[in-house]
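Participant: Pasting the sequence and the predicted coordinates here, then a few questions.
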Amino acid sequence: MSTLEISIILETSKEFDRLKKEQQHVLNKINKIHKKLQTTPDIVEKSSGDTLLLKLRALYVQAKELAESELRVSSTLIAQLDTLLQSATVPAGQRIKIVSRKRNQ
């Protein structure tokens, strides 16, 4: 396990966390607009309704892009962790020796 590999994984996980927070923020905005539309449905018929619906559409597009980015980053993170685990894998023969030593103690 190299320090470089671990630092890259940590950076990727920070990016993943950032995306999740941003996605949650966008979803909260979407929910507020939906709540507003449910409590005052006649707002859609007014001129401000078009603006609100356009904003809602833009938020859905942003949420979709964030979800796609989250998928890409999580796939990258999984691949990085798999690589790290493979490099840290103990050969099978050594694993048997370690297990038998623990049983004898």
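Facilitator: The structure has been received and is ready for your questions.

Participant: so how far is the helix or strand harbouring residue 85 off the chain centroid?
Facilitator: Taking DSSP states H and E as the definition, residue 85 sits inside helix 47-87. Between the centre of helix 47-87 and the centre of its chain there are 7 Å (C-alpha atoms, centre = their mean, to the nearest Å).

Participant: elements contacting it?
Facilitator: Counting by 3 or more C-beta pairs under 8 Å, 6 or more residues apart in numbering; DSSP states H and E, the packing neighbours recorded for helix 47-87 are helix 3-39. For the C-beta atoms, the positions are set from N, CA and C on the backbone; glycine is no exception.

Participant: For the helix it packs on, which helices and strands make contact with it?
Facilitator: Short answer (3+ C-beta pairs under 8 Å, 6+ apart): helix 3-39 packs on helix 47-87.

Participant: what angle do the helix it packs on and helix 3-39 make?
Facilitator: 160 degrees (axes from the mean of the first three to the mean of the last three C-alpha atoms, to 10 degrees).

Participant: State the mean pLDDT of helix 47-87.
Facilitator: Average pLDDT, helix 47-87: 93.

Participant: cool, and stretch 11-23?
Facilitator: Mean predicted confidence for stretch 11-23 is 97.

Participant: Can you point out the buried residues in that stretch?
Facilitator: 12, 15-16, 19, 23 (16 or more other C-beta atoms under 10 Å).

Participant: With stretch 49-57 instead?
Facilitator: residue 56.

Participant: can you pull the buried residues of stretch 62-69?
Facilitator: So, applying 16+ other C-beta under 10 Å, buried residues of stretch 62-69: 62-63, 66, 69.

Participant: Export those as CSV, with columns for distance to residue 84.
Facilitator: Converted to CSV, these look like this (distance: C-beta to C-beta, whole Å):
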residue, distance to residue 84
62, 32
63, 31
66, 26
69, 22
